[in-house]
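*Asks:* got a predicted structure here, sequence first:
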Protein chains: 2
Amino acid sequence: MHANPARTTDRTTDSHSRKQREWQQREQLILDTAQQLLQQHGLQGLTMERVASEIEYSRGTVYNHFASKEEIVNGIGIRCMQKLTDMFRRAQQYTGSQRDRIAALGLAHSLYAQLHPMELQQLQLLKSPDIRSKISPQKQQSLLQMEQEITGIALDIVRSAITDGELPASQPAVPDSIVLGLWSMGYGANLLQLSGIPFAELGMQQPLDMMWLNTHKLLDSYQWQPLSEQFDIQQLKQTLCDALFTDEMLQLKQKQK
Amino acid sequence: MHANPARTTDRTTDSHSRKQREWQQREQLILDTAQQLLQQHGLQGLTMERVASEIEYSRGTVYNHFASKEEIVNGIGIRCMQKLTDMFRRAQQYTGSQRDRIAALGLAHSLYAQLHPMELQQLQLLKSPDIRSKISPQKQQSLLQMEQEITGIALDIVRSAITDGELPASQPAVPDSIVLGLWSMGYGANLLQLSGIPFAELGMQQPLDMMWLNTHKLLDSYQWQPLSEQFDIQQLKQTLCDALFTDEMLQLKQKQK
DNA sequence: ACATTTTTTGACACAACGTCATATTATTTG
DNA sequence: CAAATAATATGACGTTGTGTCAAAAAATGT
């Protein structure tokens, strides 16, 4: 009746898990297909019918996996966030000063934005109430958790910086304030970047470099040691890319080719 | 045939302009109605049928004014941007240091966001390719122009600050960099604010105050005089609100009541 | 081989879009 | 003022997409 492999009478765990595998495999197939459609033809171009015909099943079957187009988009969003949080975790584990680490977070965000501009846009879609309202709160949960993990990572780094003496603890609200500042700056910059505003025509040539600079300006302003006068931020960027994001840098190179 | 009052054979300019007036009046009526629907029921709840019945005309008539739902949303967006640029212009004309003025811009943005969170969300809608693709490039133009006016204002202030000696002109790219930084920070913060992330649960209590702080931190970092150690930023906020945004503050008070 | 459960299917009812020939209303003209 | 003409409003129509569900098909268990 209610299609769901988890309910199979489990006598033989064998066939049971095979079914589960097949089910999840198809779920991924649907998401892959949908994401491709989304990127190539926009949200309008993504229709249950198209997805169904693409995977060579009928519409009904797709509905067995996802209750609506919106839940598919949610599914795509979750996969994107996983990719992103993965990069953040790598940044977190970098061996260096806390300041290096927090900078690495910003870099991760920026690289992701360059590498998958479309995905970022898709994540943005998920923030609109129109989409949200059609997704069960339960399914929205996982996305929220990942967002919280990211803020958690950032907050941890800032707190460690205070512990380590890199950052003066003048006021109790400092960690929140810094994280909010960096987060919104990165978020806003990436969004502006892909919002179709012709920066070049406005006389802005290197928005990405500027954001890197601004990030460090903000950190400096909080007296987060070592101040950017004391080292070469371009050099740091290079080092971080080499150490943490070699894969991504390669992909980026290929993309720009 | 092609309904448009601008085409009337203009013998008597009198009846001519009366018709034009009526036409434009109805155009506003449509936008008012649509905006209300949009705010109350989201993009899904905004339908040509509903708009039509609300203004007591038929669907066809609405289509005489706007070729699609999306163009209505565009129309709403333009009106919102006008409100916003109006606040920016007021900020620009503030009598005080250039630093005061640039801070006033940030304040304007933030006040607008608090006052009309829904409208900000609607403006965000217009950035999505799905909506954009259904609006004639010509109609998109006016929105773009307003965005350019805003950056223009900001850039002017920064350049004046350099001329006035408030801001050292260490590198040529500084104005762009500052504007981008402030813009993206404000943009990002406001967007995050209304993106449904439960800041309170993440331990962040006063995001708005934090943004005000961060704005000044960034300005300080560029050595924009007078540095925020030399005055009380909360005091400045108050002064600016009193001098420029009395109306808005009143509305805000009423809203929070 | 048969019974039972799971999965797939496509027909159906519905909602909204955008078009367009026709009806209605307003304006001009003789 | 009435006929002619132009402007405007209307709603039926064809189309596309949604989500549901009973029946068919396939897989599984005995």
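*Replies:* Great, that's in hand.
*Asks:* nearest to DNA strand C: which residue in the stretch 51-200 of chain A?
*Replies:* Going by Cβ to the nearest atom of the strand, DNA strand C is nearest to A:Gly60 of the stretch 51-200 of chain A, at 2.1 Å. Where C-beta positions appear, they are placed from N, C-alpha and C, glycine not excepted.
*Asks:* where does that residue sit, in terms of helix or strand?
*Replies:* Using DSSP states H and E, A:Gly60 falls within helix A:59-65.
*Asks:* tell me if stretch A:123-136 is near chain B.
*Replies:* Yes: counting by Cβ under 8 Å from any Cβ of the partner chain, chain B has neighbours in stretch A:123-136: A:124-125, A:127-130, A:132-133.
*Asks:* ok, now stretch A:31-50?
*Replies:* Yes: in terms of Cβ under 8 Å from any Cβ, part of stretch A:31-50 sits within range of chain B, namely A:42-44.
*Asks:* which of the residues you listed count as buried?
*Replies:* If you count burial by 16 or more other Cβ atoms under 10 Å in any protein chain shown, the buried members of the residues of stretch A:31-50 next to chain B come out as A:42-43.
*Asks:* sort out for me which of the residues of stretch A:31-50 next to chain B are in helices.
*Replies:* Counted as lying in helices by DSSP state H, out of these, are A:42-44.
*Asks:* now those as TSV including distance to DNA strand D and pLDDT?
*Replies:* Listed next are these as TSV, based on distance: Cβ to the nearest atom of the strand, whole Å; pLDDT from 0 to 100:
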residue	distance to DNA strand D	pLDDT
A:Gly42	11	94
A:Leu43	9	95
A:Gln44	7	94
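*Asks:* of those, which is the nearest to DNA strand C?
*Replies:* A:Gln44 (9.9 Å).
*Asks:* what are the contacting residues of the helix holding A:Gly60?
*Replies:* With contacts defined as Cβ atoms under 8 Å, 6 or more residues apart in numbering or on different chains, helix A:59-65 is touched by A:3, A:26-27, A:30, A:48-49, A:51-52, A:55.
*Asks:* of the residues you listed - the most surrounded one?
*Replies:* A:Val51 (25 neighbours; other Cβ atoms under 10 Å in any protein chain shown).
*Asks:* show me what the host helix or strand of it packs onto, helices and strands only.
*Replies:* If you go by DSSP H and E, A:Val51 is part of helix A:48-55. Taking 3 or more Cβ pairs under 8 Å, 6 or more residues apart in numbering or on different chains; DSSP states H and E as contact, the helices and strands that helix A:48-55 lies on are helix A:13-45, helix A:59-65.
*Asks:* how about the residue in the stretch 101-250 of chain A that DNA strand D sits nearest to, what does it touch?
*Replies:* In the stretch 101-250 of chain A, the residue that lies nearest DNA strand D is A:Lys134 (6.1 Å; Cβ to the nearest atom of the strand). A:Lys134 makes contacts with A:68, A:70-71, as judged by Cβ under 8 Å, 6+ apart.
*Asks:* next, it: phi, psi?
*Replies:* Main-chain dihedrals, A:Lys134, degrees, to the nearest 10: phi -100, psi 10.
*Asks:* A:Ala91: how many residues sit nearby?
*Replies:* 26.
*Asks:* worst mean pLDDT among the helices and strands packed on helix A:48-55?
*Replies:* Note on the helices and strands packed on helix A:48-55: helix A:13-45 shows the lowest mean pLDDT, a mean of 85.
*Asks:* tell me the buried residues in that one?
*Replies:* For helix A:13-45, by 16+ other Cβ under 10 Å, it's A:26, A:29-31, A:33-35, A:37-39, A:42-43.
*Asks:* nearest to B:Ala173 among the residues you listed?
*Replies:* Closest approach between those and B:Ala173, by Cβ to Cβ: A:Gln39, at 33.0 Å.
*Asks:* if we ignore the residues flanking it in sequence, what's nearest that closest one?
*Replies:* Spatial nearest neighbour of A:Gln39, chain neighbours left out: A:Met118 (4.8 Å); criterion: Cβ to Cβ, 6 or more residues apart in numbering or on different chains.
*Asks:* burial count for the one you found?
*Replies:* A count of neighbours around A:Met118, defined by other Cβ under 10 Å, yields 14.
*Asks:* isn't A:Ile76 up against A:Gln36?
*Replies:* No: checked against Cβ atoms under 8 Å, the pair A:Ile76 and A:Gln36 is beyond contact range at 10.1 Å.
*Asks:* all helices of the stretch 151-257 of chain A, in order?
*Replies:* According to DSSP state H, counting those that start in this stretch, the stretch 151-257 of chain A carries its helices in the segments A:174-193, A:207-221, A:233-244, A:246-256.
*Asks:* for the first one, which helices and strands make contact with it?
*Replies:* Under the contact criterion of 3+ Cβ pairs under 8 Å, 6+ apart, the helices and strands touching helix A:174-193 comprise helix A:98-115, helix A:117-125, helix A:137-163, helix A:207-221, helix B:174-193, helix B:207-221.
*Asks:* what's the answer for the last one, then?
*Replies:* Using 3+ Cβ pairs under 8 Å, 6+ apart as the contact criterion, the neighbours of helix A:246-256 among helices and strands are helix A:98-115, helix A:233-244.
*Asks:* turn those into a markdown table, including distance to A:Ser170 and mean neighbour count.
*Replies:* Converted to a markdown table, the helices and strands packed on helix A:246-256 look like this (distance: least, Cβ to Cβ, whole Å; neighbours: other Cβ atoms under 10 Å in any protein chain shown):
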| stretch | distance to A:Ser170 | mean neighbour count |
| --- | --- | --- |
| helix A:98-115 | 17 | 23 |
| helix A:233-244 | 24 | 15 |
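*Asks:* excluding its backbone neighbours, what's nearest the residue in the stretch 51-200 of chain A positioned nearest to chain B?
*Replies:* Residue of the stretch 51-200 of chain A nearest chain B, by Cβ to the nearest Cβ: A:Gly188 (2.5 Å). Excluding the flanking residues, the one nearest A:Gly188 by Cβ to Cβ, 6+ apart is B:Gly188, at 2.5 Å.
*Asks:* touching, that neighbour and A:Leu182? I think so.
*Replies:* No: with contacts counted by Cβ under 8 Å, B:Gly188 stays clear of A:Leu182, the gap being 9.7 Å.
*Asks:* re the thing from before, I'd like the helices of the stretch 151-257 of chain A laid out as JSON lines, including distance to DNA strand C and mean pLDDT.
*Replies:* Listed next are those as JSON lines, based on distance: least, Cβ to the nearest atom of the strand, whole Å; pLDDT from 0 to 100:
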{"stretch": "helix A:174-193", "distance to DNA strand C": "26", "mean pLDDT": "92"}
{"stretch": "helix A:207-221", "distance to DNA strand C": "34", "mean pLDDT": "94"}
{"stretch": "helix A:233-244", "distance to DNA strand C": "41", "mean pLDDT": "97"}
{"stretch": "helix A:246-256", "distance to DNA strand C": "34", "mean pLDDT": "95"}
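*Asks:* out of these, which is closest to B:Leu167?
*Replies:* helix A:207-221 (13.0 Å).
*Asks:* so which bits of that closest one are buried?
*Replies:* By 16+ other Cβ under 10 Å, the buried positions in helix A:207-221 come out as A:207, A:210-221.
*Asks:* and for A:Ser68, the neighbour number?
*Replies:* By the criterion of other Cβ under 10 Å, A:Ser68 has 14 neighbours.
*Asks:* thank you, goodbye.
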